[in-house]
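# The sequence isn't on hand, but the structure is:
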Ligand code: ADE
Ligand code: ZN
């Protein structure tokens, strides 16, 4: 029998704030696009692909992630990728999402920026019209590449400024501190792009400080290592800086040995604005609802904590105050039919 809290989670209105669209490439679509674009994959079957998804750390995942995205060539491919994600988001009761994309993962292979963003944009328009999901695009710079490459990518993107919500920073964290990207973030902020950055996933608390002080980010992506630094926790709480936490990702990439050891509950206890997200769900074994269910089960979260996480998702979003208010009202109405614990 389905537990009451499980059906509560399944139908709860949600926001997704940490999702790499390239990380939603399911093996079936990877094979279909490889065939359509006449690309030979290093896997003979879907089972072989799935068997390769055993990761020991962030880099071991990124190697496979960059390989997977090589099947994305035409505008239609980016549209197919994103619309498949939006269909899943709809099934997860997601009302709003802020999607990361990695243009350098494509432009470095000779795919024009316009091809990438046009396909994503077409899917966003359709998702809004047909599925009632609002969304924004956050352009991520790959931190293992140079600051010059990031700046050139931003310049290439600026003709599409109106299609962008913000900028982010992702890829291999260790050895690539935020300071490397201070100038490009400054330029992006001048253009009104909203800054976020991955920090404190594998990297130390000092990277979170840098992201706040130098990149002036409005949210920290992951940030789970903040608990190693009391002063940092106090600052994140006082300034209400949201953390976009990705539980299944953290366990798959061995940031935590098991879900029972995940520090999400401790982060909530420290009064941090924690949100739940899915990162790269095609690679980590579950979309947003599965992330909520996994932490609920492993950490024994109650209705009130789950609702707090959903509220935080909308509060931490870059929606306007009116839209936030409407979505928070929807959550409030929905929760009225369930126990308060
Ligand atoms: N790119 C895609 N997923 C990522 C993650 N979890 N951390 C850093 N870069 C990423
Ligand atoms: Zn991420």
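That came in fine, so what should we check first? Values in this document were obtained by computation on a predicted structure and should not be read as measured data. Ligands and ions are numbered 1, 2, ... in the order given.
# Residue 291 and residue 245, how far apart?
9 Å (CB to CB, to the nearest Å). For the C-beta atoms, the positions are set from N, CA and C on the backbone; glycine is no exception.
# Pull up the overlap in contacts between these two.
With contacts defined as CB atoms under 8 Å, 6 or more residues apart in numbering, the residues shared by residue 291 and residue 245 are 276-277.
# For the stretch 101-250 of the chain, just list every one of the helices.
104-107, 113-126, 147-157, 182-190, 205-213, 230-238, 247-252 (DSSP state H, counting those that start in this stretch).
# Present those as TSV; the columns should include mean neighbour count.
Shown next, in TSV, are the helices of the stretch 101-250 of the chain (neighbours: other CB atoms under 10 Å):
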stretch	mean neighbour count
helix 104-107	21
helix 113-126	19
helix 147-157	17
helix 182-190	17
helix 205-213	21
helix 230-238	15
helix 247-252	24
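# anything in stretch 282-300 near ligand 1?
No. Stretch 282-300 is not in contact with ligand 1 by CB under 6 Å from any ligand atom; minimum separation 8.2 Å.
# buried sites along that stretch?
282-296, 298-299 (16 or more other CB atoms under 10 Å).
# what mean pLDDT does that stretch have?
Taken as a whole, stretch 282-300 carries a mean pLDDT of 98.
# Please give the centre-to-centre distance between that stretch and its chain.
Once both centres are worked out by CA atoms, centre = their mean, to the nearest Å, stretch 282-300 turns out to sit 14 Å from its chain's centre.
# what does stretch 177-184 give?
On CA atoms, centre = their mean, the centre of stretch 177-184 falls 20 Å from that of its chain.
# as a whole number, average confidence for stretch 152-166?
When pLDDT is averaged along stretch 152-166, the result is 98.
# Any idea how far apart the tips of that stretch sit?
16 Å (CA to CA, to the nearest Å).
# chain center to it: distance?
19 Å.
# So for residue 325, which of the helices of the stretch 101-250 of the chain sits nearest?
helix 113-126 (22.5 Å; CB to CB).
# Residues of this structure that sit close to ligand 1?
Residues of the chain lying near ligand 1 (CB under 6 Å from any ligand atom): 20, 23, 58, 65, 170-171, 198, 201, 249, 279-280.
# and which of the residues you listed is nearest to residue 149?
Nearest to residue 149 among those, with distances taken as CB to CB, is residue 171, at 11.6 Å.
# Next, count neighbours for the residue nearest to that closest one when sequence neighbours are not counted.
Leaving out its chain neighbours, the residue that sits closest to residue 171 by CB to CB, 6 or more residues apart in numbering is residue 142, at 4.3 Å. By other CB atoms under 10 Å, the residues close to residue 142 number 21.
# Residue 142 and residue 105 touch, don't they?
Yes. Contact criterion CB atoms under 8 Å: residue 142 and residue 105 qualify, at 6.8 Å.
# Residue 120 and ligand 1, how far apart?
Using CB to the nearest ligand atom, to the nearest Å, residue 120 is found at 16 Å from ligand 1.
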